[in-house]
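> dropping the sequence and predicted coords here.
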Amino acid sequence: MREIARVVPLAPHVRSRALTLVDVTPDTQAWHRFLSRVLLLLGAGLVLSGAVCFVAYNWDRVGAFAKFLAVEGAIVGATAVAWKKLPRLSGQVALAAAAVLVGPLLALYGQVYQTGADPYGLFLGWLALILPWVIAAQFGPLWLFALGLLDVSVMLYCGQVLDKGLLRDAQPVVIAAIHLVALIAYELRSELTTRRTPHIIATVGFGALLVGASIFVLDERRTEAHLLAAIALAAAIIGAFHYYRRVRPDRFMVTIAVASGLAWLAISIGRLVFGDLDMSVAGGFVMAIVVLGEVALGLRWYRRSTAQ
């Protein structure tokens with residue numbers, strides 16, 4: 001005989017909490033905080049673009065003194081705001097704006113005096129000048145900006161100075177190593193609670209290793225550096241899977257590690273199908289099945305891991 005499910009009424013506070021979780025709507029304070037941050041970031045972006053566009057549009061109309069005055073005035077103004085507002089968000093954004101304007105100032109100096117400096121030197125000098133501000137601001141986006149400057153400096157140096165050789169081919173491994181050091185430094189700072197910054201750091205690092213490992217699979221001119229990238233990718237996947245699953249649980253980190261492994265597996269199978277087996281039309285169907293299978297297995301594993 002079929003049992004009839006018994007309906008148990010919920011307590012008022014439980015029912016209120018359940019309705020809150022099902023339909024969460026921001027209150028007045030949340031909207032005020034959101035709009036103030038959006039307008040603050042929008043205003044900082046407009047000031048940055050206005051200072052740069054003013055110099056670019058009036059390049060032939062004003063002298064070198066006026067050009068430097070416009071950019072340096074914006075830097076001094078942003079720094080003054082940061083001096084009064086730190087460590088609040090408005091002060092962090094102002095100091096980040098000043099750090100960003102240092103780059104156009106260096107580019108302006110190079111254009112006016114025709115220094116002939118290499119582009120990688122520009123980005124490396126930019127990073128060196130703003131590093132004290134980066135440390136003082138304690139602002140995640142500014143840390144990411146500084147890390148991006150270092151990445152660009154490494155890539156430009158490898159492309160301009162190292163014309164060929166093992167060191168140039170090891171560029172993905174070098175970038176991944178930089179991001180590994182940045183990730184370890186961030187994880188050691190237990191007072192930082194936001195996880196967006198390490199997520200971006202890890203994603204770029206895995207992407208760099210995936211590029212190097214893919215070259216090892218696809219390019220016939222692969223070198224020992226590309227083999228090192230493939231080994232480093234496998235080690236990074238295993239290390240991230242263990243650490244962020246058992247030591248410090250983080251589903252995004254585990255997901256990006258597994259996704260990198262599946263992407264490299266799909267690239268390797270694609271090389272086998274289209275290169276070694278020389279399958280054209282049929283190879284497309286095979287790769288479609290492989291990718292769909294990886295997605296299905298990945299989603300099944302993710303559901304099981306989240307249910308635990």
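Yep, that arrived. Numbers count the residues shown, from 1 in each chain.
> okay, buried residues for the helix or strand hosting residue 29 please.
In the assignment (DSSP states H and E), residue 29 maps to helix 28-57. Neighbour counts using 16 or more other C-beta atoms under 10 Å place 44, 47-48, 51-52, 54-55 of helix 28-57 among the buried residues. Any C-beta I mention is one placed from the backbone N, CA and C, and that applies to glycine too.
> same question for stretch 128-147.
Along stretch 128-147, these residues count as buried under the neighbour rule (16+ other C-beta under 10 Å): 130, 133-134, 137, 139-140, 142-147.
> dump those residues into JSON lines; add pLDDT and distance to residue 72 as well.
Putting those into JSON lines (pLDDT from 0 to 100; distance: C-beta to C-beta, whole Å) gives the following:
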{"residue": "130", "pLDDT": "92", "distance to residue 72": "14"}
{"residue": "133", "pLDDT": "91", "distance to residue 72": "15"}
{"residue": "134", "pLDDT": "89", "distance to residue 72": "20"}
{"residue": "137", "pLDDT": "83", "distance to residue 72": "20"}
{"residue": "139", "pLDDT": "85", "distance to residue 72": "22"}
{"residue": "140", "pLDDT": "84", "distance to residue 72": "27"}
{"residue": "142", "pLDDT": "90", "distance to residue 72": "20"}
{"residue": "143", "pLDDT": "89", "distance to residue 72": "25"}
{"residue": "144", "pLDDT": "90", "distance to residue 72": "25"}
{"residue": "145", "pLDDT": "92", "distance to residue 72": "20"}
{"residue": "146", "pLDDT": "92", "distance to residue 72": "21"}
{"residue": "147", "pLDDT": "93", "distance to residue 72": "26"}
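> can you pick out the most distant pair from these?
130 and 140 (15.1 Å; C-beta to C-beta).
> returning to that earlier point: quick check, nearest of the buried residues of stretch 128-147 to residue 197?
residue 140 (4.2 Å).
> re the thing from before, the helix holding residue 29 packs against which elements?
Helices and strands touching helix 28-57, as assessed by 3 or more C-beta pairs under 8 Å, 6 or more residues apart in numbering; DSSP states H and E, comprise helix 64-85, helix 89-113.
> done for today, thanks.
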